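Participant: build me a structure from this.
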Amino acid sequence: QVQLVESGGGLVQAGGSLRLSCTASGMIVSINAMGWYRRAPGKQRELVAAITNGGITDYADSVKGRFTISLDNANNVLYLQMNGLKSEDTAVYYCNGEINTPLVMVSMPFWGQGTQVTVSS
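Facilitator: Numbering: from 1, shown residues only. Sure thing, here's the model as predicted:
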């Protein structure tokens, strides 16, 4: 019913930049909020950044000042601009959306398949 597709991951040297994108499609009435999560090898999944449809943002302390999240409400595209990348940013990055569909009365969480980000030191 709803699909989230990430793109933009890859291999980059420490200090470099990448921009991740996540396109939401399908039976979307509206989007309440979206976010980026990541899971590094041997670690639990953690929230990287989140944004509401009104533009309120939140960031993990580890990425503040380096990453910027943005949401194109008109086209249902979520972005994560990552600058000053460090080796500890290496992880699979997942897109998440709290999305309203025509099928239920409350928003539901949807997840993308993930995109690998590898930062070499």
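
Participant: hey, let's count contacts and neighbours off CA atoms from now on
Facilitator: Fine.

Participant: how about residue 45: what's its closest non-neighbour residue?
Facilitator: If the residues on either side of it in the chain are set aside, residue 45 comes closest to residue 39, at 4.3 Å by CA to CA, 6 or more residues apart in numbering.

Participant: touching stretch 87-105 from outside, list them.
Facilitator: Stretch 87-105 is contacted by residues 4-6, 14, 22, 27-41, 106-121 when judged by CA atoms under 8 Å, 6 or more residues apart in numbering.

Participant: let me see the ranges of the helices in this protein.
Facilitator: With helices called from DSSP state H, the chain shows none.

Participant: residue 80 is in contact with residue 71, correct?
Facilitator: No - with contact defined as CA atoms under 8 Å, residue 71 and residue 80 do not form a contacting pair (9.0 Å).

Participant: so what's the residue nearest to residue 45 bridging to?
Facilitator: In this entry, residue 39 is beta-bridged to residue 92, by DSSP bridges.

Participant: residues touching it, list them.
Facilitator: Residue 39 neighbours (CA under 8 Å, 6+ apart): 45, 46, 91, 92, 93.

Participant: got a list of what the residue nearest the centre of the chain touches?
Facilitator: For the chain, residue 36 is the residue whose C-alpha lies nearest the centre (CA atoms, centre = their mean; 2.6 Å). Shown in contact with residue 36 (CA under 8 Å, 6+ apart): 47, 48, 49, 50, 80, 93, 94, 95, 96.

Participant: now it: how far from residue 93?
Facilitator: Noted for residue 36: a distance of 7 Å to residue 93, by CA to CA, to the nearest Å.

Participant: ok, the closest residue to residue 51 other than its chain neighbours - contacts?
Facilitator: Closest residue in space to residue 51, ignoring its immediate chain neighbours: residue 57 at 4.4 Å, by CA to CA, 6+ apart. Counting by CA under 8 Å, 6+ apart, residue 57 makes contact with 49, 50, 51, 69.

Participant: 10 Å - rerun?
Facilitator: By CA atoms under 10 Å, 6 or more residues apart in numbering, the contact list for residue 57 reads 33, 34, 35, 49, 50, 51, 68, 69, 70.
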